[in-house]
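[1] here are the coordinates; sequence isn't available:
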DNA sequence: TACTTTAATCAGAGTCTCTGACTAAAAACA
DNA sequence: TGTTTTTAGTCAGAGACTCTGATTAAAGTA
């Protein structure tokens, strides 16, 4: 079986479950919005950085941040170090979503470990981390 | 690092490279179209099956098959066993794309194995296959 | 200062995906 | 058999996501 599909299947399962947990907890965000949201650092992040991290254009990132702003999950504040830039920051309203997502991730990882065993889980993680060295464009 | 991202990073790299190889060889298909195309069996596949396999609605699958048909990569023929159904079949024009994609996959897998080692590659595959047992909705 | 780069936005379009309603054929069943 | 339910696929319409190209304003550089 194709290694691509092998990677994708558990990834999709994970993503679907995290989204279900987050929206189930009352956070009404879409997948694309969530992908941006999770990359905003505690101190705020510039739009350009978000776009790069999420691998979309600045326009796309801006479009998603607009929506998140309307929903009250982020705010834009001037960047004190650069008059052109603005920092996107997570609001209090959104901050509760992080533990929800993290709890779901922990639950899933535990299930996976339960199924494939602690040893294989460690090997999986190790192999993926090493693979990231050559496949991660932001490294 | 989040296991989801760890899975996604190599997956995306693989997908991007396969698409680049295929479009570079002159096959002008989009990612969404390719996802459908690769699931069509040699004997033809029903739209409903394609939709399930690709995890999209029948309407979405139909939309993509329409485009592939206009581009000449697939054709729809009546299903002799069911008057309601039609079989989507790959045309001669599209058949050359498969070896292009497969060659690129082989190249990537070789690179990966080169980087992380034969042992880790085997462990990765084994862990992912086992993980598929609980994360693959079509199994 | 003049030129170039960078951060962000505006405008417009294309692609992908969905929900809901519908037709026709097959399957189930009374 | 005839009726009802299910299944395969399509039509219509809308929403979500993403892009290319052009523009503005601020920062960096020669």
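    Done, it's in. Being a predicted model, the structure only gives us computed values, none of them experimental.
[2] close to DNA strand C: what parts of chain A are there?
    Applying Cβ under 7 Å from any atom of the strand, we find that chain A lies next to DNA strand C at A:46-49, A:58-59, A:62, A:65, A:76, A:79, A:82, A:84-87. For the C-beta atoms, the positions are set from N, CA and C on the backbone; glycine is no exception.
[3] for the longest helix anywhere in chain A, packing partners?
    Ranked by residue count under DSSP state H, the longest helix found in chain A is helix A:3-24. In this structure, helix A:3-24 packs against helix A:31-37, helix A:97-116, helix B:3-24, helix B:97-116, helix B:118-135, with contacts taken as 3 or more Cβ pairs under 8 Å, 6 or more residues apart in numbering or on different chains; DSSP states H and E.
[4] in the fourth one, what's buried?
    When burial is assessed from 16 or more other Cβ atoms under 10 Å in any protein chain shown, helix B:97-116 yields the following buried residues: B:97, B:100-101, B:104-105, B:108-109, B:112, B:116.
[5] same question, the last one
    Within helix B:118-135, the residues that qualify as buried are B:120-121, B:123-124, B:127-128, B:130-132, B:135, counting by 16+ other Cβ under 10 Å.
[6] which among the residues of chain A next to DNA strand C end up buried?
    A:46-47, A:49, A:62, A:65, A:76, A:86-87.
[7] against residue A:1, how distant is residue A:94?
    The gap separating residue A:94 from residue A:1 is 38 Å, by Cβ to Cβ, to the nearest Å.
[8] of the two, who's got more company?
    Using other Cβ atoms under 10 Å in any protein chain shown as the criterion, residue A:94 and residue A:1 rank with residue A:94 on top: 19 against 10.
[9] so what's the more buried one closest to, chain neighbours aside?
    For residue A:94, ignoring the flanking residues on the chain, the nearest one in space by Cβ to Cβ, 6 or more residues apart in numbering or on different chains is residue A:73 at 3.9 Å.
[10] picking that back up, and the buried residues of helix B:97-116 as TSV, adding pLDDT and distance to residue B:69?
    Shown next, in TSV, are those (pLDDT from 0 to 100; distance: Cβ to Cβ, whole Å):
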residue	pLDDT	distance to residue B:69
B:97	94	15
B:100	96	21
B:101	95	20
B:104	96	25
B:105	96	26
B:108	97	30
B:109	97	32
B:112	98	35
B:116	97	41
